[in-house]
Structure formats: C-alpha cells, structure tokens
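# Got a sequence here, can you model it:
(2 chains)
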Amino acid sequence: LSAAVSPWEPVIGLEIHVQLGTRTKMFCGCELSFGDPPNTHTCPVCLAHPGVLPVTNAEAVRLGVLVGLALGCEIAPRAIFHRKNYFYPDLPKAYQISQYDEPLCHDGRFTVLEEDGTERVVRITRAHLEEDAAKLLHLGDSGRRAGAESSVVDFNRGGTPLVEIVTEPDLRSAVEAEVFLRQLRQTFVHLGVSDCNMEEGSLRVDANVSVRPAGSEELGTKTELKNMNSFRFLRLGVEAEIARQIALLGAGERVVQETLHYDPASGALHALRSKEEAHDYRYFPEPDLVPIAPPPQWLDDIRSALPELAIDRRRRWSRAWGLTWEDANVLSETPELAAYFELAADQGEDPKAVANLIRNDLVKIARDRGEEVWQSRVTPRHLAGVVALLRKRTISTSGAKEVLAHVAESGADPAAVVAERGLAQVGADEVRPLLEAVIAANEGQWKELQGGKDKLRGFFVGQVMKASQGRADPGAVGELIEAFLRADPG
Amino acid sequence: VSIDVLRLTAEEAVRALRAGELSATDLVEAYLERATADRWGSFLALNAEKARARAREIDAMGHKPPLAGIPVAIKDALSTRDLTTTCGSRILEGFRPVYTATCVARLEEAGAIVLGKTNMDEFAMGSSTENSGYQVTRNPWDEERVPGGSSGGSATSVAACQAPWSLGSDTGGSIRQPAALCGIVGMKPTYGAISRYGLVAFASSLDQVGPFARTVRDAALLLSYMVGRDPMDATSLEWAQPIALPEAERLDGLRVGVVPELMGEGIEAGVRSAVEASLAEVERLGGSVVEVSMPSFEHGLACYYLIAPAECSANLARFDGIRYGMRADDAETLLDHYEVTRGRGFGPEVKRRIMLGTFALASGYYDAYYVRAQKVRTLIVRDFERAFGEVDLLASPTSPTVAFRLGERTADPISMYLADVCTIPVSLAGLPAISIPCGLSGGLPVGLQLAGPAFSENRLLDAAHALEQAIGFDAVPPALAGTAG
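Here you go, the predicted model:
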C-alpha cells in the first residue's frame, strides 16, 4: 500500500539571523558578552549618545564574506549600509544600521544532504550585515510586554554583529527546513563564524510558509513564523502552520498574510497584532559610513584559505569512508568532535569502525565522566588502537568498552590495559571446553536445537559468553556451535 | 584688563602667552568676565571653574603646549564632557555628556581652554539663532538684529570680543552666514576634514565643524589643529598637507569665478556692491575675474530641504527620553511616551523638519523626493567640477542680505531658508568655503564667500588673507570700540 499523495505542496523559505563571533560589536569597540550583568558592555556609541558615529568592524565584514562564500554567494564589489527606521526602546538610535538593496552577499546556493543520500540545493537570495537590537526585560508575572509592571533594557547585546540570510522558497517540508538549518549551523560553526547557539539566541530563524496545490507553479499566500528558538520548534511550528493552512484551504477558506508566533508549550500559533508590524522603515543610505568595497586580492586570499566546508566533509565521509547520514550528523555536531574523528580515522584503521566506536561507546564514556570527547584522555591514537584490537579480535566489543573506560581513567595505552587487566578475548581453544560444559548442563535444550529449534542458538551463545565472563567472541562461539551441529546433527 | 587684551588676535595672544607677556589666567579671566556680562546672549553655559583651573595648570608649565592656554568658545552642538551640551534644545536640558568631541579634544590637547558653550538654533536648524529653545542672541552691530545662524552664539562671542575665536558647525551655511552677518571670518572646510565625532548630527552628509575668528590667519591657525583622520569617524579624511598660516599679499594668476545666479535677483543692492568692490580688489591684486554660470544652483535650496530633513528625521529619532535628556513621566503607553516627550522637547522648526524628512523618506515618496534630490545633488557636484576646470575659486555673497531684524522672518520659514541660498550649494558638494567681511551696507557687515575644490583650504586661506588685507575691514563693531574695559 503506497502512502497517500497529498494534494497540497508546502513552500517554505527561511530568514536566519546569525550572531557573528567577533570580539567586539558591529560599530563600536565594546566586547561581546553573554550572561554578563546588564549594561556592562556599553559605550556612548552603542547607547546612541548625541554626536556619536558608527565605525564598521572589519572582522565582522571578513566573517560576513566567509558566510557568503560558504553559501556560494556572489560577494558584492561595493556594498552599502542603510538605516532602517523605527521606534522601540531596544533600538537606541531608533534606526538599525542594516543593508537594503546593496547587500554584501547575494545569489548563493547551499547544498543540503538529505537522509536518503540525495542532495538538495537551496537558493540563497542574500546575506547581509547588520547590528542586533538590545534586550528588553518585562518585569512582572507574565514576562511579556502586555501587563508588565515595568520594562527595562539591557544594552549589552545591542550592536552585536549579525548576518541575516534570506533563502528562496525552496524547502518543501518542515523536516527539510530543520535539516537545512542544522547543516547551515554545522557549516557556520565549522567555519568559526559563530557558535550558533540557539538557546542563547546566536542563531535565530523565521519561516515564511505557504501551501499550494501540488504541481502548481504559483505561490500561495504566505505567513511569517517568528523566532522559533530550537530546531525542533522550527519543525513543529512549520508543521503546525502547514496543517493549519491546508485545513483552511481544504475548507475553501483563504490564508491571510500575517505574522505568527509559535508557542511550543501549547503548540498554538498566535497572530501578532498587525499594528505592530505595520512599519514603513523609511530605508535610506547610512551617511555616517563609507561603502564596503572588498579588495579583489583580499577576497581571493580569503577564498583560497577557506577551510573544507561541512558539506564537502560529509560527502567525503559518506563516499570514501562509508559513514551513514546519522554518523555524520553526530560526528559533525561540533568542530572539535569532527577534528577528533578525522585524527582517529587517520591512524590507518577502518574509518567506519572508528566512527562506530566513538558513537557507540566513547561519547557515553566521556559524557559520564563529565568531559567532552576531544578533552578525554582517550587520544585519537588510543581510539584507533582499540579499533585495531577489535579488528584482530584480541578483544570483544564489550571488552572494547571496558578498555576505553580504563584508558579514559588512566590515559594508558589500550594494549597495555588489555594485558594488565586480562581483557583479551578467550581464544577458540578455551571456548570449546566452555561450550561442551554448557551443552552438558543443558542437554534438553541442545537436543531441541539439534531438532531445528533455531531460536535456542542465542541461548547457547549467551551461556558461553556468561561462562567466559564476557571475554569470548560471540561470533566465534556461534561458529563453534555451528561446527558442533554439523558434526552431530542429532 | 583692557579691551586691548580682548582685541588681540588669537595669533597675537598665543605669541604673548608663549613669550610670558600674558598669563593664561589673566586672559581667561578677561574673557570670562566679558562672557559673563553677556548682553548679546552668546553663551548657554560657561566653563568658568575648569577654565580657570586649566589656565593655572598651563601657566605653571615650563614647556607650554602650542596654543598656550588661549580660550575658545564652543557651539553647544559639540559634545563636551561634564559640560552641558543641549544643542539649543529643551529636550537636552541639563544634559552632561560623558565624552568630548574629537575636534574639541584636539584643541584642548594643543593647549586651548574651553570657555563655554554658545547659543544656537535648536539642533542647528535655522539661520537666525531665534530657534534656540533657551534665549535670543543679538547681533553686536545692531542689537535689534539677528546674528545669523545656526551658530549665532559662536559668531557673536567672537564679534563682541567675548572669545578670541570659536567653533561652529555648518550644514547649509551655519558658520559662513552668521560670520557674514557679524562681520567676522567663518570657514567650513572640505567635508571629512574635521572629525564629526561628538558633533550632534543634524544632516550627517553635510555637517562640518569649522572656525570663527576675527582674522583669516586665526581661522587657519584654529583649523590647523583640528583637521585629519579620526578612527571614530569613518567619513573623516587623511590630511596630507598641513594647514599653513596664509601670507599671500598678491593674487597674481588667480582665476576667480563669479556666479551670476548668486548676484542677481534676491541679492540686496548693498550686498552686491560690496561684493563687486571685492572683485575689483581681486583684479587689483593681480587676479582675474570671470563669470561662471552654475545652472543647477537654482535647485540647491529645494534639494537641501529634502536631504537635510530626511537625514535629520533619523538623526533626531534617538531623542526619546529613555536613556538621557527630557522625559515625559506622565505617559501611559509607550507610544504616549514618545509623543509626549518629543512633543514637549522639540521646538516648531525641528518638528517641521522631522515631518518633512519623514515624508520625503516614506515608501511611495522616496523616489520622487529623496532619490530625486540626490540626483540634483550630483548635478550640483558636476557644476562645481566643471567650474573648477575653468577657475581656481568661486566668489559670491555669503548671505543675500545683511543682518535682518529679530522676529522679521520667524513667521515665514521660506524667507528664513532663503538666507542660505548662497551657501547651500557648496555644502551639497562637500567643498570648502570661507566667508570674510568685505564691507558695510547700511552700517551692517557684508560677507564675501570664496569657495574652492576639495582640499583647497590653503589656497582659499591665502586668497582670503590677501583680500582681507586689501579690504582692511575693521572687525570690531564700532559701538563696542572702547566699551569693554
């Protein structure tokens, strides 16, 4: 039975804000911070005192260019800043310095690796530089502006460099949107342009969602979903909105263009009051700043120094090394883990076996010890050594776990740990008497196995493993049982 | 202290200070006394205690800084740490900045002492200083007349010998026009010559700081300590050639263009004849005078009154009473807060320009107004480029009229705007220009404006100096002569 084909096709585009990992703010010398006491990272410039002027942070431009190159964008030979005007207490100048019709990066293509191995290209409309707003805190029970006893402003975040990325409406499901954002995040984290921490708000996403009859080329009326602060909430929010729009259209009603807020607690979508978004931003070129004109040689240098992109590494991992999609997801979670894996895989053992050992055992061992994998006393060389012991069947998989735990504790060489602790696998000579003893003790079951009750095979393997205190190789035990059955079919 | 000390040029005073013939303390006391007895309404705040302390400090120095403790008056649009900076607006009443503008800091470093802050049209919007939220400033040549604006207080303080020199800011003529009306020298340098960091912005693409002085050489001296790149202002420029003190006596080979569009209709007869007499001096000194038509000038005023208000509508949006300045405590909602604070804090001319600018930038009007004005601005720039292919400098009246009466134009904004018709094109092109007094009309001073290509400051100062010597204008209003003792 094939799955029912939906008569509706969702169309999704994303707007992503990434805080750039510069040392200082976009237009002044204040250091970036997260979690410091309020208003401790401010100066006359980011507080918009009378007479101050912005000066563009060159490192933010460099990171912006890196973002653009990673997104396959054209880098504009001349880009300018605009003022985006609106009044709000978190915007001290009452305008945000942003980019409008001459952005730094435009017309890019970002390739996403899907779980089934296909590659999907998402077109990037533009990526531009701007400054972040400050943070408003609403005091009172609700924690929201409506009904707050009072509101206060923390300007520490105000002026943080952001890159805003706008995609074309090339995504077709909530899952695709989530996968896109995850791989975008990996790319940026690996490039070192941002820590992309969604909880701390250094990666934020809005989604434009519409649905249309499957096969149609026209776009339906879209809604904008604001600020979903996790990958999961992005997926759930978009899913909920797709369902809502399909239900509306199915009932012959129309989708109203509006801005919605997804409440992850209730799963509900609330419309933001249209009054709040009825802005005329009165964009005009920022006269206090000179155009950004990246020198071609400087651009070439950045381009040639660009490290391997996350997508290329994932391709290499899967094509040359046989890693699964999920292996790659886990191992590229942080640049440090990816580097650890690359080092371990470089020691000459099978990279897939290396990946398995990290994913299945080392990640948990490190977590239990309260450390990160790459900080563990298990060095990439140690890890490869354990893989080698497994390959030679010197140790079993459960033995490997034990060896890793000891190495994590002591930092000793795995082979030495095996010798010292007697963790070497029981050889075939020792397994035979163990199996004979188990058969003798379980004659009834053995006869049933001989009679064809195949399910009992596992029972005998288990009993021998138990008798060997886990040091036998389950594969070898299975083979020996097979040999016994052939020799004496009963 | 005699008027003689107060009538010293800054150059003479600096020489006397450095020679030990005069102490900074005596000089500061003399100027403070005259600035305190402020019958012209030049000052909004005096820096008396700190000025005295700094004078004592400099007097005690063995090795004196180059300006040796000479006082300077500062337009209230420039940020001065701990000293009130209101921009002539109630919305900044009592505001004490936490930092000092780069140009003021550079002067202080060179040994100048900030005497006080001078009155101005609110946020530099006006041509008579009558738009100040605090007080009227009177022209020392006739106290029933305006000193011009917006830097009227700075101009008056120098004309009335309350300061040897002062700083103003010029967006469309706010230094040159009051200099003309008060019979002193005022200069707006090339856009980017002096850091704008600390100059409270009116129209960012036009604003420039500049000097007022009683002689061209003093203006050059003050300018020389302020020009050059500032890392805090992205639009400030490296200044390759230092500003030199002008010494030229002749104008041999200098080609001066006179702009017929600024010599005809709307220019008072007395102003025109004083300017024509100056042009005759140019020829007498060996220069040549030719007519150079500037057809785009006719649109200068309209262009300026779109671009400047557009920029000001954004620049003044920060005055919301949340972080500093006046705040309406009786507002019920956020919108109320903005409306009441800004409604009370800003005067009518500021509100008019914010509304004009907001309208010019509104979606649907942007192309018809702002974009079109930028195109006209480009035409004006091209007219100047063409003109400076033919001549070295352009000459015109600085102001179409001499000082007008207090209240005469306040009810008619357009008539007020016309006061800057001669100075605005230069501002739109970002070029340097100087106004020097070139004679009297009906007993009131007339200003001659000389404008040059970008970075032509030294040539402009040379020409202005040679003409100043030839014209021999006595820069102290006759009514004041001998009265200050």
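# Could I get the pLDDT score of residue 1?
You didn't say which chain, so I picked chain A. Predicted confidence (pLDDT) for A:Leu1: 45.
# could you do chain B instead?
B:Val1 carries a pLDDT score of 49 in this model.
# The one 4 residues further on too?
On pLDDT, B:Val5 comes in at 90.
# What helix or strand is it located in?
helix B:3-7 (DSSP states H and E).
# ok, now B:Val282?
Here B:Val282, judged by DSSP H and E, is contained in helix B:269-284.
# by contact count, what packs against that helix?
Counting contacts by 3 or more CB pairs under 8 Å, 6 or more residues apart in numbering or on different chains; DSSP states H and E, helix B:269-284 packs against strand B:255-258, strand B:288-291, strand B:393-397, strand B:433-441, strand B:444-451, helix B:457-471. Just so you know, the C-beta spots here come from the backbone N, C-alpha and C atoms, and that holds for glycine as well.
# got the angle between the fourth one and strand B:444-451?
Which is strand B:433-441. If you take axes from the mean of the first three to the mean of the last three CA atoms, to 10 degrees, strand B:433-441 sits at 150 degrees to strand B:444-451.
# circling back to that earlier point, show me which residues of the helix holding B:Val282 are buried.
Across helix B:269-284, burial judged by 16 or more other CB atoms under 10 Å in any protein chain shown covers B:270-272, B:274-276, B:278-279, B:281-282.
# Also stretch A:397-408?
Neighbour count says stretch A:397-408 has A:399-408 buried, by 16+ other CB under 10 Å.
# now do stretch A:140-160
Across stretch A:140-160, burial judged by 16+ other CB under 10 Å covers A:148, A:153-160.
# Would you pull up the residue in the stretch 351-485 of chain B closest to chain A?
Going by CB to the nearest CB, chain A is nearest to B:Leu361 of the stretch 351-485 of chain B, at 3.8 Å.
# what separates A:Arg212 from chain B, distance-wise?
28 Å (CB to the nearest CB, to the nearest Å).
# tell me which element that residue falls in.
Residue-wise, A:Arg212 maps onto strand A:203-213 under DSSP H and E.
# Bridged to B:Arg255, which residues?
When bridges are called by DSSP bridges, B:Arg255 pairs up with B:Ser288.
# and it, how many neighbours does it have?
16 (other CB atoms under 10 Å in any protein chain shown).
# before we move on, the earlier item: does the very next helix or strand once past the helix holding B:Val5 pack against any helices or strands, and if so which?
Using DSSP H and E, the helix or strand that follows helix B:3-7 in sequence is helix B:10-19. If you count contacts as 3+ CB pairs under 8 Å, 6+ apart, helix B:10-19 packs onto helix B:24-36, helix B:216-224.
# how about a cut-off of 10 Å?
Contact here means 3 or more CB pairs under 10 Å, 6 or more residues apart in numbering or on different chains; DSSP states H and E; on that basis helix B:10-19 packs against helix B:3-7, helix B:24-36, helix B:48-59, strand B:71-75, strand B:165-170, strand B:208-213, helix B:216-224.
# where's the residue of chain B at minimum distance from chain A relative to B:Ala155, distance?
Of the residues in chain B, the one nearest chain A is B:Ala317, at a distance of 3.3 Å by CB to the nearest CB. As judged by CB to CB, to the nearest Å, B:Ala317 and B:Ala155 stand 29 Å apart.
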